[in-house]
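Asks: could you work out the structure for the sequence below:
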Amino acid sequence: MNPPTPKNTICLWYDKDALAAARFYAATFPDSRVTAVHHAPSDYPSGKAGDVLTVEFTVCGVACLGLNGGPAFKHSEAFSFQIATDTQEETDRYWNAIVGNGGSESACGWCRDRWGLCWQITPRVLTQALAAGGPAAKRAFEAMMEMGKIDIARIEAALRA
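Replies: Predicted structure coming up:
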């Protein structure tokens with residue numbers, strides 16, 4: 001028996017690789033899995049009957065639907081998954097999985113996977129420092145602004161300065 005469909009699901013548009021993306025996310029992040037694959041009942045503008053049309057999956061427990069809609073729309077930084085990390089090892093593991101699998105690095109903890117989806121790999125120490133405000137938050141923010149992948153030791157050093 002399938003669990004009920006969530007009230008709110010994030011729909012992500014892919015050219016044709018929604019299943020590959022969902023499998024990658026399921027293999028990379030905890031509490032992530034592919035839950036269903038649906039095939040097109042007939043031909044459609046970007047595919048044929050029988051092609052994978054949608055993929056239901058979760059990323060860190062968040063319900064998602066991957067739609068193989070064709071090349072008309074691309075992902076942008078206007079949407080990203082923010083993944084909270086507790087250690088440098090965890091930060092490195094997620095960052096390296098995304099970037100090392102055909103993705104690309106960006107700034108301030110942001111990277112992009114090979115399907116164009118943006119990710120923020122964000123250590124909790126950084127989030128907590130920024131939320132606390134004050135001079136320490138300013139130092140942590142300024143340190144972050146010089147980074148690609150976040151270096152927890154450098155954030156902690158900025159907090160102590």
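
Asks: please count neighbours and contacts with C-alpha atoms only from this point.
Replies: Will do.

Asks: and the helices in this protein, which stretches?
Replies: 18-28, 88-100, 124-132, 134-144, 152-160 (DSSP state H).

Asks: for the first one, list the C-alpha coordinates in PDB.
Replies: Listed next in PDB are the C-alpha coordinates belonging to helix 18-28 (Å, rounded to 0.1, in the frame of the first residue of the first chain):
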ATOM      1  CA  ALA A  18      14.400  12.900 -13.900                       C
ATOM      2  CA  LEU A  19      14.900   9.200 -13.000                       C
ATOM      3  CA  ALA A  20      18.700   9.500 -13.100                       C
ATOM      4  CA  ALA A  21      18.600  12.600 -11.000                       C
ATOM      5  CA  ALA A  22      16.200  11.100  -8.400                       C
ATOM      6  CA  ARG A  23      18.300   8.000  -8.100                       C
ATOM      7  CA  PHE A  24      21.400  10.200  -7.600                       C
ATOM      8  CA  TYR A  25      19.700  12.200  -4.800                       C
ATOM      9  CA  ALA A  26      18.400   9.000  -3.200                       C
ATOM     10  CA  ALA A  27      22.000   7.500  -3.200                       C
ATOM     11  CA  THR A  28      23.500  10.800  -1.900                       C
END
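
Asks: got the angle between it and helix 88-100?
Replies: Interaxial angle of helix 18-28 relative to helix 88-100 (axes from the mean of the first three to the mean of the last three CA atoms, to 10 degrees): 160 degrees.

Asks: elements contacting helix 18-28?
Replies: strand 33-39, strand 52-59, strand 62-68 (3 or more CA pairs under 8 Å, 6 or more residues apart in numbering; DSSP states H and E).
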